[in-house]
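[1] Sequence and predicted structure are below.
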Amino acid sequence: MMTNFQTSQHPMKTIDIDGRSGRSTIYVGARLDDLPAALPPDRTVIVTDPVVRQALGDRFPSFPVVEIGTGEAAKTLDTLATVYRRFIGLGLGRDSFVLAIGGGVVCDLAGFAAATYLRGVRFGFAPTTLLAQVDASVGGKNGVNIDGYKNMVGLFAQPEAVWCDPTVLASLPPREIGCGMAEIIKHGAIADLKLIERLESRREAALALDPGVMADLVERSVRIKAAVVARDERESGERRQLNFGHTFGHAVEKVTGAPHGEAVARGMALAARLSCELGTLPEADAGRLIDLIASYGLPTGIDGAPEALIDALAKDKKRAGDRVHFVLLESLGRAVVQPIPLAVLEKEFHRL
Ligand SMILES: NC(=O)c1ccc[n+]([C@@H]2O[C@H](COP(=O)([O-])OP(=O)(O)OC[C@H]3O[C@@H](n4cnc5c(N)ncnc54)[C@H](O)[C@@H]3O)[C@@H](O)[C@H]2O)c1
Ligand SMILES: [Zn+2]
């Protein structure tokens, strides 16, 4: 059962995702303040974290609130169990609606909780970080970590609706904005030269979080991920493109403990250089992408001991035999996935 949740007076763009695990509608330009009318009264529960509640709680619709801890450490099976217990305590039945308001941690965990509670109740997201708006709430992946293994347990299930409000980003620390920008740049680099141009020409307004400009960047970005996911929800082929900058980025993240987006920024710069070395991308395009990444205050150099990085790459869970599915660029806006032998990567690493 799908409901039309478009209720806002604000200009909204609607993006539909048709995944195997369900349909999802994303409303970009929505406002948190307009949600109540769109949700079932008496049967909706909010899941959030204390930092988000502190920053935005006065704009929450008046439904009961279930709080989880803040940050990656809260994304566990223990937290999940406390959420189920709160749902039971609140008397949530099959006709209830779970609304996650928060970053990727809240959305991933609340989505998992909703999709499994009573074998699945309705749910939606109001993502409050830039990363969650352009990445975590699009694509139907939900889950938690276990024993230090990220996103080890979970399921595919599409939120019925996602409301992206550009004004909620105002309270985000600049570093969190940078992490979201890295994913937007990624979407442009793999699929949309226009998005790259927009990022270049509207940089000042974007960094000042102008709501109109942010809604435009989020919309273009979501469209790209939505299109890829619709064609390949379970990552057998095309969805791999979304890993641009991530193969090396994950290695940097593991070795240096850098925030995800900053590690991905380094990974994209390296992948662009590697694309030149391997002859798929003109030098000028690589330079342009690296300049763009840097202009958003993100790092572009290699960081971490080479041996440790290569070791981490070798343990990449997306490795196939002695090769790594590496995402290269053919131009700005066009990606190609190539299996590259680890030995070649290692050699190029040392050269770069
Ligand atoms: N499901 C997917 O496809 C997918 C994709 C990418 C990432 N993820 C997951 O997303 C998570 C990372 O997401 P994240 O970066 O949003 O992290 P997060 O949810 O931990 O949010 C980052 C911090 O910002 C705070 N915060 C959130 N909104 C705020 C606001 N408006 N104002 C002030 N503070 C605010 C949070 O309390 C938290 O401290 C990871 O667990 C990752 O695995 C999932
Ligand atoms: Zn990422």
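    That came through fine. Ligands and ions are numbered 1, 2, ... in the order given.

[2] Spell out which residues of the stretch 251-352 of the chain are next to ligand 1.
    Residues of the stretch 251-352 of the chain lying near ligand 1 by C-beta under 6 Å from any ligand atom: none. The C-beta positions use only the backbone N, C-alpha and C, and glycine is treated the same way.

[3] What of the stretch 51-200 of the chain?
    Counting by C-beta under 6 Å from any ligand atom, the residues of the stretch 51-200 of the chain that sit close to ligand 1 are 51-52, 55-56, 70-72, 75, 102-106, 108, 128-129, 131-132, 135-136, 139, 141, 150-151, 168, 171-172, 176, 179.

[4] which intervals of the stretch 201-350 of the chain have sub-threshold pLDDT?
    By pLDDT under 70, the low-scoring segments of the stretch 201-350 of the chain are 233-236, 317-318.

[5] One more pass at 90, please.
    The stretch 201-350 of the chain contains residues with pLDDT under 90 at 228-239, 302-307, 309-325, 341-350.

[6] Show me the protein divided up by domain.
    13-171, 174-351 (automatic domain parsing).

[7] Dump the ones you listed to CSV, plus mean neighbour count and distance to Phe5.
    Output for the domains of the chain, formatted as CSV (neighbours: other C-beta atoms under 10 Å; distance: least, C-beta to C-beta, whole Å):
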stretch, mean neighbour count, distance to Phe5
domain 13-171, 20, 4
domain 174-351, 19, 16
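
[8] returning to what we had before: next step: the residues of the stretch 51-200 of the chain next to ligand 1 restricted to helices.
    The helices, defined by DSSP state H, take in 51-52, 55-56, 104-106, 108, 131, 176, 179 from those.

[9] so who does the residue nearest the centre of the chain touch?
    Nearest to the mean C-alpha position of the chain, counting by C-alpha atoms, centre = their mean, stands Asp135 at 2.1 Å. Shown in contact with Asp135 (C-beta atoms under 8 Å, 6 or more residues apart in numbering): 104, 180, 183, 225.

[10] now, among the residues you listed, which is nearest to ligand 1?
    The nearest member of these to ligand 1, counting by C-beta to the nearest ligand atom, is Gly104 at 2.0 Å.

[11] which one is the closest one nearest to, not counting chain neighbours?
    In space, and not counting its chain neighbours, Gly104 is closest to Ala136: 3.4 Å by C-beta to C-beta, 6 or more residues apart in numbering.

[12] isn't the one you found right up against Cys107?
    Yes. Ala136 lies in contact with Cys107 (C-beta atoms under 8 Å); the separation is 5.3 Å.

[13] Pull up the overlap in contacts between these two.
    Pro127.

[14] and the least confident of the contacts of Asp135?
    pLDDT across the contacts of Asp135 is lowest for Lys225, at 94.

[15] Does it touch Leu242 like I think?
    Yes. Between Lys225 and Leu242 there is a contact under C-beta under 8 Å: 6.6 Å.

[16] Tell me if the longest helix seen in the chain is near ligand 1.
    As assigned by DSSP H, the longest helix anywhere in the chain is helix 211-231. No. Helix 211-231 does not reach ligand 1 (C-beta under 6 Å from any ligand atom); its nearest approach is 8.6 Å.

[17] can you list contacts of that helix?
    13, 15-19, 26, 28-29, 130, 133-135, 138-140, 164, 166-167, 169, 183-184, 187-188, 190-192, 194-195, 198-199, 202, 205-206, 238-239, 241-242.

[18] Spatially nearest residue to Leu32, not counting backbone neighbours?
    Using C-beta to C-beta, 6+ apart, the closest residue to Leu32 is Arg59 (4.6 Å).

[19] No further questions, thank you.
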